[in-house]
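Colleague: fold the following and give me the result.
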Amino acid sequence: MMKLPERIVLFFTFAFASALPVRAAAGAGADGATTLQPASDVLEHFVDWLQLRLFPDGDHSDLIHWIACGILFVAAILLRRVVTSIIFRGLKRLASKTETTLDDKLFPALEQPVAAFVMVLGIFGALTVLKLTPAVDNLVSHGAAIAILGVLFWGLLRAGGAVLDHMEEIAHEKQIGIAHFMPLIKKALAALVIVFGVLMGMKSLGVDVGAVLTGLGIGGLAVAFAAQDTIANLFGSFVVVLDHPFKVGDYVRIGSAEGTVEDIGLRSTRLRSGDRTQIVLPNKTAAAETIVNFTRMPQRRVDQTIGLTYNTTPEQMEGVLADIRKIFAEDPGVHQDFVTINFTTFNASSLDIQVTYFTADPDFRRHLAVRERINLKLMRAVAGRGLSFAFPTQTFHVEDEVAQKLAGFRAAKT
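Modeller: A predicted model of the protein is given here:
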């Protein structure tokens, strides 16, 4: 046979599980009182049962109600401990044995909302058994409805966040493009849940939600004109999500702004520029401007001109060209599908070799490392042939008669 504390816990659980729909849907009656008769009947049976168990020969109504209040409150604390220490601990152990990681995220996310739900039921149940005035009881009823809805929507947000985190993890593993936009989707869904929760809370308080929505519809045009930039940014964020021209971590140029994408929000996209300043770009601009995504280029192109002095002989030019071509053919950082090395121009002060190639890795830092390594090899190749790089020079040719006069003038001066 069950002991008295166990009976109290079971009775508390049954009573408030059955009373929850009545309280959550409670509204104002014709006389302004709250229609809570089914819940009150269950709790009154509990009070009567306590009366028979504790004071079978006397009437201690006020004391019994206070005892019932304390018992329900303590039962809520005990039941909360059972939920967190036994039930959810067992669920977590079971989750650790399954292949999917969804339950590993879902159960911890729901633990605190469920514990809070039990305490909310206990607190408002304890207040209900007290002999309160109709006005106070009505206030308690509305407070219970709002608190219960708040905890339920909190649990919905936590559960939805856990599911979306699991989806994001899978998307990253499978390298699906939408993975980088999951934070934006989570923000949008959270906003929808909050709006819906506010409307449900207003409805539980007896507010005519339909009339409120109608009023919002009438004032919608004014709101649209006043918040047209915000609405445009919201639509811009949807365009970014659907088209995903960039993701967090990409290096992009959007219009005149250039930097690494740090965050994609509902209103704006944040870039970190090369000088480490943050650029906040409205999403309507991101949707309307030309976007250059440098991260998605397969390789980076390099166009380079090497100028040698005019005392380079044809044989030396052929030799250094062969050396340079060998350098590019053997370097692992050079993309071998397209490499051109040609003696192209007799420039004003140099013999120019045009070099065009692509670095295999588009990452900017590794791209610069390849260019540095190649340039050092080019310097050694030119020096190894006994040649020199050209720099801008001018040579003046003077007629013999003028040269002789200049030479005589210099001799007379010395």
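Colleague: so what strands line up beside the lengthiest strand in the chain?
Modeller: In the chain, assigned by DSSP state E, the strand with the most residues is strand 334-346. Note on strand 334-346: by DSSP bridges, its sheet partners are strand 351-359 (antiparallel).
Colleague: neighbours around Glu330, how many?
Modeller: 9 (other C-beta atoms under 10 Å). Yep, even glycine has a C-beta here, placed from its N, CA and C like the rest.
Colleague: re the thing from before, who touches the longest strand of the chain?
Modeller: 299, 317, 321, 324-325, 328-329, 351-360, 370, 374 (C-beta atoms under 8 Å, 6 or more residues apart in numbering).
Colleague: now that strand: mean pLDDT?
Modeller: Averaging pLDDT along strand 334-346 yields 94.
Colleague: quick check: buried residues in it?
Modeller: The neighbour-count check on strand 334-346 (16 or more other C-beta atoms under 10 Å) flags Val334, His335, Val339, Ile341, Phe343 as buried.
Colleague: hey, C-alpha coordinates of it in CSV?
Modeller: Only the C-alpha atoms of strand 334-346 are listed here, as CSV (Å, rounded to 0.1, in the frame of the first residue of the first chain):
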residue,chain,number,x,y,z
VAL,A,334,50.6,26.5,-58.8
HIS,A,335,47.5,25.3,-60.6
GLN,A,336,48.9,23.5,-63.6
ASP,A,337,45.9,23.8,-66.0
PHE,A,338,46.8,27.3,-67.0
VAL,A,339,50.4,28.7,-66.9
THR,A,340,51.8,31.0,-69.6
ILE,A,341,55.4,32.3,-69.6
ASN,A,342,56.5,34.3,-72.7
PHE,A,343,59.0,36.9,-73.8
THR,A,344,56.5,39.5,-75.0
THR,A,345,57.7,43.1,-75.2
PHE,A,346,60.7,45.3,-76.0
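Colleague: can you tell me the element Leu387 falls in?
Modeller: Using DSSP states H and E, Leu387 is not contained in any helix or strand.
Colleague: pretty sure it contacts Leu308?
Modeller: Yes. Between Leu387 and Leu308 there is a contact at 5.5 Å, judged by C-beta atoms under 8 Å.
Colleague: now the common contact residues for the two.
Modeller: Val320.
Colleague: just give the nearest non-adjacent residue to Gly384, would you?
Modeller: Asp323 (7.2 Å; C-beta to C-beta, 6 or more residues apart in numbering).
Colleague: so who does the one you found touch?
Modeller: Ala381, Gly384, Arg385.
Colleague: quick check on Ala390: phi, psi?
Modeller: phi -80, psi 150 (degrees, to the nearest 10).
Colleague: for the stretch 151-300 of the chain, what spans make up the strands?
Modeller: 251-254, 257-264, 268-272, 278-282, 291-293, 300-308 (DSSP state E, counting those that start in this stretch).
Colleague: dump the ones you listed into JSON lines; add distance to Ile194, mean neighbour count and mean pLDDT as well.
Modeller: Compiled in JSON lines, these are given as follows (distance: least, C-beta to C-beta, whole Å; neighbours: other C-beta atoms under 10 Å; pLDDT from 0 to 100):
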{"stretch": "strand 251-254", "distance to Ile194": "30", "mean neighbour count": "20", "mean pLDDT": "89"}
{"stretch": "strand 257-264", "distance to Ile194": "20", "mean neighbour count": "18", "mean pLDDT": "88"}
{"stretch": "strand 268-272", "distance to Ile194": "20", "mean neighbour count": "20", "mean pLDDT": "89"}
{"stretch": "strand 278-282", "distance to Ile194": "23", "mean neighbour count": "15", "mean pLDDT": "89"}
{"stretch": "strand 291-293", "distance to Ile194": "31", "mean neighbour count": "15", "mean pLDDT": "88"}
{"stretch": "strand 300-308", "distance to Ile194": "45", "mean neighbour count": "16", "mean pLDDT": "93"}
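Colleague: so which of those is nearest Ala190?
Modeller: strand 257-264 (15.2 Å; C-beta to C-beta).
Colleague: can you list the strands that the closest one pairs with?
Modeller: Strand 257-264 has these strand partners (DSSP bridges): strand 251-254 (antiparallel), strand 268-272 (antiparallel).
Colleague: would you map out the domains in the chain?
Modeller: What automatic domain parsing lists as the domains of the chain is 4-214, 232-293, 300-384.
Colleague: mind putting these into JSON lines with distance to Thr393?
Modeller: What follows is the domains of the chain, written out as JSON lines (distance: least, C-beta to C-beta, whole Å):
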{"stretch": "domain 4-214", "distance to Thr393": "54"}
{"stretch": "domain 232-293", "distance to Thr393": "36"}
{"stretch": "domain 300-384", "distance to Thr393": "5"}
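Colleague: out of those, which is closest to Pro392?
Modeller: For the domains of the chain, proximity to Pro392 was assessed by C-beta to C-beta; domain 300-384 is nearest, at 5.2 Å.
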